[in-house]
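Novice: Sequence first, predicted model second:
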Amino acid sequence: MSIKIVEVRELKKGSYIVIDNEPCKIVNMTSSKPGKHGSAKVRIEAASIFDNKKHQLLTSGGDKAEVPIITRTPHQVLSISGDTAQLMNMETYETLELPIPEDVEAKEGGEVQVQESMGRKIILK
C-alpha cells in the first residue's frame, strides 16, 4: 500500500495528505478552538501533486488521515515522440512511457525525475 495513517493534528503546511483519493500537498491549514462538546476543527486546503487542482477538507483534529508515500527516482530519456517520452529507470533499468508536462524540458539522453504515488507517475520539473 502506498499510504500511511496519521492523526490530522500531526500534519502541517507543506506536508502531504490524501483528499478525495488524490495525493495532495497542503498549502494552507487553519484550526478552530475546541468547542464545549467537541474537539478542534481543522480546515485543510491542498493542491494535487499530479494536476495542481485545489482540494479542501474540514475535519476534527483527532481524526485519522491518509498520507501518501511519494517516491522520486532518476530516469534517463531514451526517446521522445511528440509529447511522450520513453524513460528508463536508472536503478532498476525498467522502461516506461510518460507524457511530458508543458513546463518540463526533456531531451534524449538527458535525465529527469519521476514522481510516483498511489500507482500514478509524472515527470517533475
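Specialist: Done, it's in.
Novice: Can you point out the buried residues in stretch 34-44?
Specialist: Going by neighbour count (16 or more other CB atoms under 10 Å), the buried part of stretch 34-44 is 39, 41, 42, 44. All C-beta atoms are positioned from the backbone trio N, CA, C, and that covers glycine.
Novice: now it, how far from the centre of its chain.
Specialist: Mean C-alpha position of stretch 34-44 versus that of the full chain (CA atoms, centre = their mean, to the nearest Å) differs by 27 Å.
Novice: And the contacts of that stretch?
Specialist: 8-9, 11, 17, 19, 26, 28-33, 56-62 (CB atoms under 8 Å, 6 or more residues apart in numbering).
Novice: can you list the weak-confidence ranges in this structure?
Specialist: 1 (pLDDT under 70).
Novice: Domains in it, by residue range?
Specialist: Listed by automatic domain parsing, the domain ranges of the chain are 3-68, 71-123.
Novice: Can you pick out the ones from the contacts of stretch 34-44 that are in strands?
Specialist: 17, 19, 26, 28, 29, 30, 31, 56, 57, 58, 59, 60 (DSSP state E).
Novice: For residue 42, see how far away the residue located most distally from the centre of the chain is.
Specialist: Most distant from the centre of the chain: residue 36, at 36.0 Å, with distances by CA atoms, centre = their mean. Applying CB to CB, to the nearest Å, the value for residue 36 to residue 42 is 18 Å.
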